[in-house]
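Peer 1: quick one: sequence plus predicted model below, questions after.
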There are 2 protein chains.
Amino acid sequence: MRLSFTEENYLKHILRLSKPGHVVTTNAIAGCLQTKASSVTDMLDKLALKKLVAYEKYKGVSLTPLGKKTALAIVRKHRLWEVFLVEKLGFTWDKVHDIAEQLEHIQSDELVDKLDIFLGRPKFDPHGEPIPDASGKVKNQKLKLLSECLAGSTCIISEVNDDSAAFLRHLDKTGLKPGHEIKVTEVIDYDKSLNILVNSKKNIFISNAIAKNILVTVK
Amino acid sequence: MRLSFTEENYLKHILRLSKPGHVVTTNAIAGCLQTKASSVTDMLDKLALKKLVAYEKYKGVSLTPLGKKTALAIVRKHRLWEVFLVEKLGFTWDKVHDIAEQLEHIQSDELVDKLDIFLGRPKFDPHGEPIPDASGKVKNQKLKLLSECLAGSTCIISEVNDDSAAFLRHLDKTGLKPGHEIKVTEVIDYDKSLNILVNSKKNIFISNAIAKNILVTVK
DNA sequence: TAAAAATTTTAGACTAGTCTAAATTTATTA
DNA sequence: TAATAAATTTAGACTAGTCTAAAATTTTTA
């Protein structure tokens, strides 16, 4: 089934907003797609007609198996292109998102296969997020929010929850990157901000707002 | 100036149809864009408003310097991506056109620069066509149609005038590729078909229709 | 050079995707 | 649980790009 650029974007964002046992709301989609709720309603009708989502008026929406497969294929392309941009072209990991947003819509199964092989079948993208395989399977890491780690615990930065250029730039400036080790030295009770030790040498302070967008694997 | 996918395609095709001292006709554009003349008229009005083309009703259209620069940037991207697809991903040269048609519209100057460097700043694409440099300059080869070569002359296949998958596949099957040497052994007067000797070893026969789509450099 | 043919443009309509404003439904709370 | 607030949908309109059919212009040809 050939989908438009826009339809693909809706599916991708619905997948991103999906949580097991929950439906996705119209407003949530409107929020992350920077559009109006009424536009979302229109598109959900269309996607439901194509059997890509299960949509019940006023209740919410969820992906059908077909919709999920389609969305995962887009995520796969997005993350493979990010690897290409960073590993092959020398982009820094905070600058690839917008370009990958465009590249993910290029239509060619053969291209995706060959790109995957060229890159050495990577399992994670430069932000630490797992790359779905050709059949849509995703490696399931047990990830935790940095904001939920207790004082004294040690962990590795794995991925981020906010892909905005602003957030990624901020992280880069602060010196935080996927793969870095973090030891939580103190949790400030009042505002849940953190003092952390990065790679056993740099001591920095981060707000709860930042910590809530950083996903880690506990050692 | 941000242009739509469609506007970029119009510019690219107008460039391809442009010949020094001639304007491009509405029908010619409609023909190669697979659209109707009335749609072309509408778009020409729009491109003229943006100062990308000089358009006179009923007369024809030509690119302004700005329009030409924009079109050359698209051609540059198209041909760089074709090099990538063939050299890095292992596509055969007859299969890359459709994918490059999509990739050429990805918006990012930094991406084009980095891709150019990654590929070693190639001067020609896999079909032998010159790649405009970042400022829009194109290497000017003196090219000639194979159909215009006289019996006894020798030349090198440089590029093709028809990028359709069908034509490229046919060439590949016949064993004709950019870079191959051709000696015209005989020109059949009746239908202008040719007997040619490829790389001093293989004797083949080609119709005038084919020869008119092959561009060569004379030795 | 006037009539016929071909080309091009205009007029009006259609689809995809979006919007605002109003109406409807669901959730909250007093 | 009835009133209010929040979320969602509907109705109608707008833009980009396309189309068909008719009108206008240019080119060809007899």
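Peer 2: Sure thing, it's come through. Numbering: from 1, shown residues only, chains lettered A, B, ... in the order given.
Peer 1: list the helices and strands the longest helix seen in chain A packs on?
Peer 2: In chain A, taking DSSP state H as the definition, the longest helix is helix A:65-83. Here helix A:65-83 touches helix A:5-17, helix A:97-103, helix A:109-118, going by 3 or more CB pairs under 8 Å, 6 or more residues apart in numbering or on different chains; DSSP states H and E. For every residue, glycine as well, the C-beta is placed using N, CA and C.
Peer 1: in its sheet, what does the helix or strand of chain A with the lowest mean pLDDT sit against?
Peer 2: The weakest-scoring helix or strand in chain A, judged by mean pLDDT, DSSP states H and E, is strand A:144-145 (a mean of 79). If you go by DSSP bridges, strand A:144-145 pairs up with strand A:214-218 (antiparallel).
Peer 1: which parts of the partner strand are buried?
Peer 2: A:Ile214, A:Leu215, A:Val216 (16 or more other CB atoms under 10 Å in any protein chain shown).
Peer 1: which non-adjacent residue is nearest the first one?
Peer 2: Distances taken as CB to CB, 6 or more residues apart in numbering or on different chains place A:Leu146 nearest to A:Ile214, at 4.1 Å, with adjacent residues excluded.
Peer 1: quick one: name the residues of chain A near DNA strand C.
Peer 2: When proximity is defined as CB under 7 Å from any atom of the strand, chain A approaches DNA strand C at A:4-7, A:34-36, A:38-39, A:42-43, A:46, A:58-59.
Peer 1: can you list the buried residues in the host helix or strand of A:Ser62?
Peer 2: Per DSSP states H and E, A:Ser62 falls inside strand A:60-63. For strand A:60-63, the neighbour count (16+ other CB under 10 Å) marks A:Gly60, A:Val61, A:Ser62, A:Leu63 as buried.
Peer 1: and that strand, does that touch DNA strand D?
Peer 2: Yes. On the criterion CB under 7 Å from any atom of the strand, strand A:60-63 is in touch with DNA strand D at A:Gly60.
Peer 1: what packs against that strand?
Peer 2: helix A:5-17, helix A:26-33, helix A:37-49, strand A:53-56.
Peer 1: between those, which gets nearest to chain B?
Peer 2: helix A:5-17 (8.8 Å; CB to the nearest CB).
Peer 1: mind giving me the packing neighbours of the closest one?
Peer 2: Secondary elements touching helix A:5-17 (3+ CB pairs under 8 Å, 6+ apart): helix A:26-33, helix A:37-49, strand A:60-63, helix A:65-83.
Peer 1: can you give me how far the last one is from the chain middle?
Peer 2: How far helix A:65-83 lies from its chain's middle: 11 Å, per CA atoms, centre = their mean, to the nearest Å.
Peer 1: check the third one too.
Peer 2: Mean-position distance between strand A:60-63 and its chain equals 19 Å (CA atoms, centre = their mean).
Peer 1: ditto for the second one
Peer 2: Its chain's C-alpha centre lies 23 Å from the corresponding centre of helix A:37-49 when counted by CA atoms, centre = their mean.
Peer 1: from A:Lys177, how far off is the residue nearest to A:Ser153 when sequence neighbours are not counted?
Peer 2: In space, and not counting its chain neighbours, A:Ser153 is closest to A:Val184: 5.3 Å by CB to CB, 6+ apart. With distances taken as CB to CB, to the nearest Å, A:Val184 is found 17 Å from A:Lys177.
Peer 1: possible to save the helices and strands packed on helix A:65-83 as TSV with mean neighbour count?
Peer 2: Formatted as TSV, the helices and strands packed on helix A:65-83 follow (neighbours: other CB atoms under 10 Å in any protein chain shown):
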stretch	mean neighbour count
helix A:5-17	19
helix A:97-103	18
helix A:109-118	16
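Peer 1: what about A:Lys36, neighbour count?
Peer 2: Using other CB atoms under 10 Å in any protein chain shown, A:Lys36 is surrounded by 12 other residues.
Peer 1: might one say that it is in contact with A:Ile29?
Peer 2: No. A:Lys36 lies out of contact with A:Ile29 (CB atoms under 8 Å); the separation is 10.5 Å.
Peer 1: ok, back up a step: now the buried residues of strand A:214-218 as TSV including pLDDT and distance to B:Leu150?
Peer 2: Formatted as TSV, these follow (pLDDT from 0 to 100; distance: CB to CB, whole Å):
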residue	pLDDT	distance to B:Leu150
A:Ile214	89	72
A:Leu215	82	70
A:Val216	88	74
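Peer 1: just say helix, strand or coil for the residue nearest to A:Ser153.
Peer 2: strand (DSSP: H, G, I helix; E, B strand; the rest coil).
Peer 1: do I have it right that A:Ala30 meets A:Ser39?
Peer 2: Yes. In this structure, A:Ala30 is within contact of A:Ser39 by CB under 8 Å, at 7.2 Å.
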